[in-house]
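K.L.:
prediction below, plus the sequence it came from.
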Amino acid sequence: MGINKLADLIRADAPGAISHKDISDYAEKVIALDTSIVVNQFRAATPSLSPLTGLFFRTLTFLEHDIKPVFVIDGKPPGEKTAVLQKRAEAIGWSNRTGTGTGTASSQTKDLLKLLGVPVIQAPGDAEATCAWLVREGTVDAVASEDMDTLPFGGNILIRQLNAKRDSEVIEYCLPKLLEKLQISHEEFVDLCILLGCDYCDKIGGLGPKRALTLIQKHRTIENVVLHIKRETHPVPHFWKYKEARKIFLEAPQTVAPELIWTEPDEEALVGFLRRAAYVKEDRIRRRMEKFRQMRASKREERQTEREAGRSRQTRMEDFFRVTRKRSELTEAADSSSSNRKRPKLK
């Protein structure tokens, strides 16, 4: 779920925090991804196929755009998230309900990503929290995720719909701009997200996004909000664990990121692995690898042409201003020389 109706609230009250981009805008950018979200997207979309197949194709699409993906594997999730994870697992028919990133499925995922030549980071807890930490610390440029909880975790740049479809529109959210537009601090934003509804605790009944934002802007904390709402229309949950949720967002365990290294995909090893683990036919794998090489070369050539054209335009502009400055200097010199000459006396 992430944060309930947060995207709608941002579109309505802070549209300036949103940018619409193309996947090509992220060439040469380092992007962190929550591996479980990517894998579960394919589990839900194509339950009859191994999600390893989808992960293989998706990662190659990133690489052919010269995006540098960093995949983050879930560690042990907070206990407060157990019920949500179990419900999600049941919805997609997945037997691994803990989401801990352990077991055969996770091991195969790591093996595949290694053969694709992309770095993998093991999170100490929730992968979304580690992704947000990486972008906040400057290790990566952005987080690509469909879950909005990247923002309350402190991820400065969140990318949604980086799904590699030709006609798709990539959406980028900027946390600093969002806080500025809403005129709240990050801590107050976390409380707002808890009021909207998150994965870690219940929410106050009957409280919509507009009302929640107004209350936080006015009263600044959940504690003060509770003192100023009508319990009859907005019942507060019994034994409400909002403080625990707040702590998860603000004090999530972190890890020191290893040195990030990308290498060329190992085609021969990928063929053997995907045939065994995902029952993908060899010719399909090799066709995709060939397309990957051609597409990457083509896009690199396009970017190089654009860069050269940009330099050419810049050079022409610099030449124009250089000529303009020369003419100006010559004119000024002529005017100065003329003014310094003695004028003939009138008789």
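P.N.:
On my side now, so go ahead.

K.L.:
just for the stretch 51-200 of the chain, where's the confidence low?
P.N.:
Residue ranges of the stretch 51-200 of the chain with pLDDT under 70: 79-104, 164-168.

K.L.:
now stretch 301-314, how far from the centre of its chain.
P.N.:
Mean-position distance between stretch 301-314 and its chain equals 28 Å (CA atoms, centre = their mean, to the nearest Å).

K.L.:
what is the neighbour count of residue 285?
P.N.:
The local packing of residue 285 (other CB atoms under 10 Å) involves 21 other residues. Quick note: C-beta positions are derived from backbone N, CA and C, even for glycine.

K.L.:
for it, helix, strand, or coil?
P.N.:
helix (DSSP: H, G, I helix; E, B strand; the rest coil).

K.L.:
for residue 157, see how far away the spatially closest residue to residue 303 that is not a sequence neighbour is.
P.N.:
Ranked by CB to CB, 6 or more residues apart in numbering and with sequence neighbours excluded, the top spatial neighbour of residue 303 is residue 27, at 6.3 Å. Distance, residue 27 to residue 157, using CB to CB, to the nearest Å: 16 Å.

K.L.:
what about the spatially closest residue to residue 187 that is not a sequence neighbour, how many residues nearby?
P.N.:
Nearest residue to residue 187 in three dimensions, chain neighbours excluded: residue 250, at 6.8 Å (CB to CB, 6+ apart). When neighbours are counted by other CB under 10 Å, residue 250 registers 13.

K.L.:
contacting residues around residue 208?
P.N.:
residue 5 (CB atoms under 8 Å, 6 or more residues apart in numbering).

K.L.:
show the pLDDT at it.
P.N.:
Looking at residue 208, its pLDDT reads 94.

K.L.:
and the gap between residue 294 and residue 267?
P.N.:
14 Å.

K.L.:
who has more neighbours out of the two?
P.N.:
Taking neighbours as other CB under 10 Å, residue 294 and residue 267 compare with residue 267 leading, 16 against 11.

K.L.:
what's the closest residue to the more buried one other than its chain neighbours sitting at in phi/psi?
P.N.:
Among residues not flanking residue 267 along the chain, residue 289 sits closest, at 5.0 Å (CB to CB, 6+ apart). Main-chain torsions, residue 289, degrees, to the nearest 10: phi -70, psi -40.

K.L.:
residues contacting residue 289?
P.N.:
By CB under 8 Å, 6+ apart, the residues touching residue 289 are 60, 265, 267, 270.

K.L.:
what residues does the one helix or strand residue 211 maps to touch?
P.N.:
Using DSSP states H and E, residue 211 falls within helix 209-219. Under the criterion CB under 8 Å, 6+ apart, residues 4-6, 8-9, 12-13, 182-184, 188, 191-192, 195-196, 207, 225, 227-229 lie in contact with helix 209-219.

K.L.:
what's the spacing between stretch 17-35 and its chain's center?
P.N.:
6 Å.

K.L.:
buried residues of it, list them for me.
P.N.:
17, 18, 23, 26, 29, 30, 31, 32, 33, 34, 35 (16 or more other CB atoms under 10 Å).

K.L.:
just those: which are in helices?
P.N.:
The helices, defined by DSSP state H, take in residue 35 from the buried residues of stretch 17-35.

K.L.:
from the buried residues of stretch 17-35, which land in strands?
P.N.:
Among the buried residues of stretch 17-35, the members found in strands (DSSP state E) are 18, 30, 31, 32, 33, 34.

K.L.:
how about these in CSV, adding pLDDT and distance to residue 78?
P.N.:
Below are these laid out as CSV (pLDDT from 0 to 100; distance: CB to CB, whole Å):
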residue, pLDDT, distance to residue 78
18, 97, 29
30, 98, 27
31, 98, 25
32, 98, 19
33, 97, 20
34, 95, 15
